[in-house]
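1. Return a 3D structure for these sequence lines:
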Amino acid sequence: MKIRRALAADAEAVGRIHVESWNVAYRGIMPDDVIARTDVAYRTQFWADRIADPDWPVFLIEEQGEAVAFCQMIPTRDADDDAARVGHITSLHVLPHLRGRGYGRMLIDHVFAELRRRGFVEATLWVLEENHSARRFYEKYGFRQDTGTRRYPKTNVPEVRYRIAIRG
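-> Next up, the predicted model:
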């Protein structure tokens, strides 16, 4: 198993992981039409654009040559945080049949090392309010819900923000 920066050639694999993850994790939470529109072609282009960013990597876990999980980090875009001090995890997805094997934790550890290297002292992420499984995962890791709330773009689905100090 190895963690590496995703390359342009990985966009389809990242898109596939994203779609498979959404189909399981968000079913019953996100409107069915939103899940249906989240197909591999759409997500491949979505991730190709992000993977191309030279400053903010998408990290990928490969197991026996197969992409199985990914995570992206950026500086926060939340108006109530300082983008020079607070990093943000935009996405963390693991193939559904491989959840619970430590891939998510490994990716967060890797992202935190990179955020620390860049001088960030906190990290945030948004999670769907009804995604109890993800919330338990983040809480077990040490994230705590703060006062941030919003609606997932183009839906009425509530999200809550989680925050953690990044320790050296």
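2. from here on, contacts and neighbour counts on C-alpha atoms
-> OK.
3. residue contacts, the nearest residue to residue 98 once chain neighbours are set aside?
-> Distances taken as CA to CA, 6 or more residues apart in numbering place residue 68 nearest to residue 98, at 7.7 Å, with adjacent residues excluded. Applying CA atoms under 8 Å, 6 or more residues apart in numbering to residue 68 gives the contacts 17, 60, 61, 62, 94, 95, 98.
4. which element is residue 68 on?
-> strand 66-75 (DSSP states H and E).
5. Show me what that strand pairs with in its sheet, parallel or antiparallel.
-> Next to strand 66-75 in the sheet, as set by DSSP bridges, lie strand 58-63 (antiparallel), strand 86-94 (antiparallel).
6. Show me how to select, in PyMOL, the buried members of the contacts of residue 68.
-> Here is the PyMOL selection string for the buried members of those, based on 16 or more other CA atoms under 10 Å:
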select buried, resi 17+60+61+62+94+95
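7. so can I have CSV of the contacts of residue 68 showing distance to residue 74 and pLDDT?
-> Formatted as CSV, the contacts of residue 68 follow (distance: CA to CA, whole Å; pLDDT from 0 to 100):
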residue, distance to residue 74, pLDDT
17, 20, 98
60, 15, 98
61, 18, 98
62, 22, 97
94, 19, 98
95, 22, 97
98, 25, 96
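8. so which of the contacts of residue 68 comes closest to residue 132?
-> residue 94 (16.0 Å; CA to CA).
9. what bridges to the closest one?
-> Residues in beta-bridge contact with residue 94 (DSSP bridges): residue 69.
10. Below-threshold pLDDT in the chain: ranges please.
-> By pLDDT under 70, the weakly predicted segments of the chain are 168.
11. Quick check, residue 144 in contact with residue 163.
-> Yes - using CA atoms under 8 Å, residue 144 is in contact with residue 163, at 5.4 Å.
12. quick one: which of the two has more around it?
-> Per other CA atoms under 10 Å, whichever of residue 144 and residue 163 has more neighbours is residue 163, with 22 against 16.
13. For residue 87, see how far away that one is.
-> 10 Å (CA to CA, to the nearest Å).
14. tell me, what residue is most central in this structure?
-> residue 91 (1.5 Å; CA atoms, centre = their mean).
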